[in-house]
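Undergrad: can you look at this prediction? I've put the sequence above it.
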Amino acid sequence: MSTIATDQSAMQDRHRQVELQKTKRLALGVLIIAAVLYGAAVTFVAHYPNLSYLKALSEAAMVGALADWFAVEALFRHPLGLKIPHTRILPRNQERLGDNLGAFIQSRFLATDKIVDAIKAFGPTGHAIRWLLKAGNQQAIAHTAGQLISYVIDTLDEPRVQNDLRAFATEQLAKLDLAAVAARGLAAMKASDEHQALLDAGMDRLQALLAKDSVRRAVITNIAKALTLVPAGIDVIFSSYAQKKLYSTIEQGLQEVRAHHDHPMRQWLSETVDELMRDLGHDGPLRASLSEALGRWVQHADMQAYIGALWPTVRDWVRADLGRSESLIRTRVADAADRIAQGLSGNAAFIAWLDGAILAAAPDLIGTYRTKIGDFIAREVKSWNAKHLVEEIEGYIGPDLQYIRLNGALVGGLVGLTIFVLTKWLH
């Protein structure tokens, strides 16, 4: 983007220089023509008396052209290199020019009331919404967003930046208040009764586990092993009976917990969660142990390797996506822009509110930056060397100044001819 802007600026500079040289040659050509006519008239006026009119015209035209050439040239440099007083006006007054230009921009272009009136007449919110609704503009925003993301990705891909990012990520993770996060998570879980849902899910898993034949046989076998005083053969029967009674008791207990929301088991779970939240919310051994564990965890080699691997993964995915014609990122940006525009297009109250907010904020922003902009312009002009200053100003207004030379020749010639005619008429 910056390369395109630089190329365009260089092309415009070349165009201005071409125009300047063209008008300079034109003005010089008029001066040469006047000189030739004057020479011819002087040479043949004795034979052709009427050439005296041409002589007066061309003589005055040369004087006018030379006088205006001197005036124009004196703005930028010493004419013919002669250090005549009050020449090379702009370079000599560069400091004052910079200050005056900065002050002029501040007072004439950045006046608070003028900018506020312009914003009010422009209607920035409505204008932006209408622009967004035009076909192709959402894609233009998405394309620009893609270029910006690519630039950020390339900037962050430097090894030094990577090291800084890894160190920053490690530092921020180590500062994470894991206890507070856990406490808020438990509070959210308890508020929606998800801790009871977890208990129900746990009971379901326990029931499914106990229903497996392998588990049932293992329970019977372990009961039989514990019955060392029971004769062989009877221990198996007794163990099977004990397993059924155990399972029946567990099943009955699980059903009671499921059926009653105020079951002591559920109350105990809620109280345990409350107690854990209190412990996590106050300084204490649990909070300290979590902080220490987090510090060790983020410094662990595996965690550092994981943090380091996150960036290449994200980078490669973003680059691959932006490289596709149907980029997901650009599509999402375009869709978001379209949804925003569609949603706000008929919302007159919001448009009026946002315009009002912009107008309310504008005076302070203008007051803050007006002086800074003026000072920047003044410093920029003062920082140019004299040659650059002359090239810049002459490039912009030089062609028009050369027409002053042309007008000087024309007006000077006509005035000279008029004076010559009046003088002859009076005599």
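TA: Great, that's in hand. Numbering: from 1, shown residues only.
Undergrad: most centrally placed residue in this structure?
TA: Taking CA atoms, centre = their mean as the criterion, Leu148 is the residue nearest the geometric centre of the chain, at 7.6 Å.
Undergrad: domains of this structure?
TA: 13-92+384-426, 171-299 (automatic domain parsing).
Undergrad: for stretch 207-218, measure first residue to last.
TA: One end of stretch 207-218 to the other measures 15 Å (CA to CA, to the nearest Å).
Undergrad: what is the burial count for Ala74?
TA: Applying other CB atoms under 10 Å, we find 17 residues neighbouring Ala74. In this view, the C-beta of every residue, glycine as well, is placed from N, C-alpha and C.
Undergrad: host element of it?
TA: Per DSSP states H and E: Ala74 is located in helix 51-76.
Undergrad: again with Gln162
TA: helix 159-175.
Undergrad: same for the helix holding Ala74, what does it pack against?
TA: helix 2-44, helix 89-92, helix 386-426 (3 or more CB pairs under 8 Å, 6 or more residues apart in numbering; DSSP states H and E).
Undergrad: so for Pro159, which of these sits nearest?
TA: helix 2-44 (24.0 Å; CB to CB).
Undergrad: what's the mean pLDDT across the closest one?
TA: Per-residue pLDDT over helix 2-44 has a mean of 83.
Undergrad: tell me the angle of that helix relative to helix 51-76?
TA: Angle between the axes of helix 2-44 and helix 51-76 is 150 degrees (criterion: axes from the mean of the first three to the mean of the last three CA atoms, to 10 degrees).
Undergrad: so which elements touch helix 2-44?
TA: Using 3+ CB pairs under 8 Å, 6+ apart: helix 2-44 touches helix 51-76, helix 386-426.
Undergrad: pick the most buried one from these.
TA: Counting by mean count of other CB atoms under 10 Å, helix 51-76 has the highest mean neighbour count of those, with a mean of 20.
Undergrad: same question for that helix, mean pLDDT?
TA: 92.
Undergrad: and of the helices and strands packed on helix 51-76, who's closest to Phe109?
TA: helix 386-426 (16.8 Å).
Undergrad: which element is the closest residue to Leu110 other than its chain neighbours on?
TA: Nearest non-adjacent residue to Leu110, counting by CB to CB, 6 or more residues apart in numbering: Arg370, 4.3 Å away. Here Arg370 sits within helix 348-383, counting by DSSP H and E.
Undergrad: Lys190 reaches Val273, doesn't it?
TA: Yes - counting by CB atoms under 8 Å, Lys190 touches Val273, with 5.3 Å between them.
Undergrad: shouldn't Ala71 be in contact with Ile89?
TA: No - the criterion here is CB under 8 Å, and Ala71 misses it with Ile89 at 10.0 Å.
Undergrad: I'd like the helices and strands packed on helix 51-76 laid out as a markdown table, including distance to Thr155.
TA: Listed next are the helices and strands packed on helix 51-76 as a markdown table, based on distance: least, CB to CB, whole Å:
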| stretch | distance to Thr155 |
| --- | --- |
| helix 2-44 | 14 |
| helix 89-92 | 40 |
| helix 386-426 | 31 |
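Undergrad: wait, which of those helices is closest to Arg108?
TA: Of the helices and strands packed on helix 51-76, nearest to Arg108 by CB to CB is helix 386-426, at 17.8 Å.
Undergrad: how about the very next helix or strand once past the helix holding Gln162: buried residues?
TA: Counting by DSSP H and E, the element after helix 159-175 in chain order, helix or strand, is helix 178-191. Neighbour-count burial for helix 178-191, counted by 16 or more other CB atoms under 10 Å, picks out 179, 182-183, 186, 189-190.
Undergrad: what helices or strands is helix 178-191 leaning on?
TA: helix 194-210, helix 264-281, helix 285-299.
Undergrad: and Gln162, which of the ones you listed is closest to it?
TA: helix 285-299 (17.0 Å).
Undergrad: number of residues surrounding Thr87?
TA: 18.
Undergrad: let me fix that: Gln342
TA: Neighbour tally, Gln342, other CB under 10 Å: 12.
Undergrad: got it, and Asp117?
TA: Asp117, neighbours per other CB under 10 Å, totals 12.
Undergrad: now for this structure, the helix or strand with the poorest mean pLDDT.
TA: helix 213-226 (a mean of 76; mean pLDDT, DSSP states H and E).
Undergrad: other SSEs contacting the following helix or strand past that one?
TA: As assigned by DSSP H and E, the chain's next helix or strand after helix 213-226 is helix 234-259. Counting contacts by 3+ CB pairs under 8 Å, 6+ apart, helix 234-259 packs against helix 194-210, helix 213-226.
Undergrad: just so I know, which of those lies nearest Met303?
TA: Taking the helices and strands packed on helix 234-259 one by one with CB to CB, helix 194-210 is closest: 27.4 Å.
Undergrad: buried residues, the closest one. List them.
TA: 195-196, 199, 203, 210.
Undergrad: with stretch 250-258 instead?
TA: Buried residues in stretch 250-258 (16+ other CB under 10 Å): 254, 257.
Undergrad: which residues touch that stretch?
TA: 199-200, 203, 206-207, 210, 263, 265-266 (CB atoms under 8 Å, 6 or more residues apart in numbering).
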